[in-house]
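Asks: missing the sequence, but the structure's below:
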């Protein structure tokens, strides 16, 4: 054969074309990036009070949340007083320097917050922080 390459018809494509694979992966990446903004993690709907001063927390913490109906949550799970006591005692045993962070809705009665603080103090945690939204 003059002027042509020696290609046997038995030889097939020996390499994999990855271009379509990369195209599909990039489209999936874009879809995940766009939809990630619309996925909300379930939480407790709170209207936190605002404060103009405040500081971040650096030590380990146990988060207590009180909703407008005075239901107490520990790390997102609703608990009763007995369950609260056992959780606080076990967390205090794990980390003696643990700090309690309290987030209460603005419409939560003041007495419910004080009752929570008393329950937590009775069970060993004496350091507290109140969760608020930063004001302007």
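Replies: On my side now, so go ahead. Quick caveat, the model's predicted, so the values are computed rather than measured.
Asks: Now for this structure: which helix has the highest residue count?
Replies: Taking DSSP state H as the assignment, the helix of the chain that covers the most residues is helix 19-36.
Asks: Am I right that residue 69 is in a strand?
Replies: No - checked against DSSP: H, G, I helix; E, B strand; the rest coil, residue 69 lies outside a strand; its state is coil.
Asks: phi, psi of it?
Replies: phi -100, psi 10 (degrees, to the nearest 10).
Asks: again with residue 65
Replies: phi -130, psi 140.
Asks: Just confirm it contacts residue 79, I think it does.
Replies: No - Residue 65 is beyond contact range of residue 79, at 10.4 Å (criterion: Cβ atoms under 8 Å). Using the backbone N, CA and C atoms, a C-beta is placed for each residue, glycine as well.
Asks: Looking at these two, which one has more neighbours?
Replies: residue 65 (23 against 17; other Cβ atoms under 10 Å).
Asks: how much space between the more buried one and residue 29?
Replies: From residue 65 across to residue 29, the span is 35 Å (Cβ to Cβ, to the nearest Å).
Asks: Would you confirm that residue 87 contacts residue 79?
Replies: Yes - the pair residue 87 and residue 79 passes the contact test of Cβ under 8 Å, sitting 6.6 Å apart.
Asks: can you map out the strands along the chain?
Replies: 50-51, 61-66, 72-74, 77-78, 99-104, 128-130, 133-134 (DSSP state E).
Asks: and those as JSON lines, adding mean pLDDT?
Replies: Shown next, in JSON lines, are those (pLDDT from 0 to 100):
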{"stretch": "strand 50-51", "mean pLDDT": "68"}
{"stretch": "strand 61-66", "mean pLDDT": "87"}
{"stretch": "strand 72-74", "mean pLDDT": "89"}
{"stretch": "strand 77-78", "mean pLDDT": "88"}
{"stretch": "strand 99-104", "mean pLDDT": "87"}
{"stretch": "strand 128-130", "mean pLDDT": "83"}
{"stretch": "strand 133-134", "mean pLDDT": "73"}
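Asks: Since that was my last question, I'll sign off now.
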